[in-house]
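Enquirer: need a structure here:
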Amino acid sequence: MDSNNMNNQNYQQQNYRQTYQGQSYQQPPVYNNYYQTPQIPDEYKPISPLGYLGYDLLFCIPFVGFIIVIIMAFAPSNKNVKNFARSFILAFLLGLIVSIVLVAIFGTAVFSFLYNF
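Expert: Predicted structure coming up:
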């Protein structure tokens with residue numbers, strides 16, 4: 001790399017202000033690698049769609065899955081796994097409450113129909 005190109009690159013990477021029609025703005029930083037991926041901490045690493053499918057299948061195992069869901073809701077260091085397990089628990093509880101309400105409504109309706117018959 002020649003020195004002229006290095007000086008130009010250093011000049012582009014500096015934070016400087018330019019004026020355009022009376023307004024000043026800051027030049028965005030120039031990266032050497034256009035496809036540079038940001039460094040994400042391990043606790044915020046995303047989960048792949050197959051990872052979500054695997055966790056979903058693991059959580060659906062009777063009894064053992066429920067214990068694993070409770071452990072995953074509090075233990076792992078990855079926030080995405082923790083939030084997915086918590087949402088699974090909330091969906092389970094919501095389904096349980098709706099099921100109890102529907103059984104109570106239809107149970108009383110059937111009981112009253114048979115009692116008056």
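Enquirer: From the rest of the structure, what touches the helix or strand harbouring Asp56?
Expert: Asp56 is part of helix 49-59, with elements assigned from DSSP states H and E. The contact list for helix 49-59, computed with Cβ atoms under 8 Å, 6 or more residues apart in numbering, reads Ile47, Gly65, Phe66, Ile68, Val69, Met72, Val81, Phe84, Ala85, Phe88. (C-beta placed from N, C-alpha, C; glycine too.)
Enquirer: run the last query once more with 6 Å
Expert: With Cβ atoms under 6 Å, 6 or more residues apart in numbering as the contact definition, helix 49-59 has outside contacts at Gly65, Val69, Phe88.
Enquirer: Make CSV from those residues and add secondary structure and pLDDT to it.
Expert: Output for those, formatted as CSV (DSSP: H, G, I helix; E, B strand; the rest coil; pLDDT from 0 to 100):
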residue, secondary structure, pLDDT
Gly65, helix, 94
Val69, helix, 95
Phe88, helix, 95
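Enquirer: and which of those residues is nearest Ile40?
Expert: Nearest to Ile40, judged by Cβ to Cβ, of the contacts of helix 49-59 is Phe88 at 23.4 Å.
Enquirer: OK, contacts around that closest one?
Expert: Applying Cβ under 6 Å, 6+ apart, we find Phe88 in contact with Phe59, Val69.
Enquirer: And it, how close does it get to Val103?
Expert: Taken as Cβ to Cβ, to the nearest Å, the spacing of Phe88 relative to Val103 amounts to 22 Å.
Enquirer: Let me know the secondary structure of Ile40.
Expert: Put simply, Ile40 is coil when judged by DSSP: H, G, I helix; E, B strand; the rest coil.
Enquirer: Compute the number of surrounding residues for the residue nearest to it when sequence neighbours are not counted.
Expert: Counting by Cβ to Cβ, 6 or more residues apart in numbering, the nearest residue to Ile40 once its immediate chain neighbours are dropped is Pro46, at 7.7 Å. As a burial measure, Pro46 scores 8 neighbours (other Cβ atoms under 10 Å).
Enquirer: Confirm Pro46 sits in a helix?
Expert: No. Under three-state DSSP, Pro46 sits outside any helix and is assigned coil.
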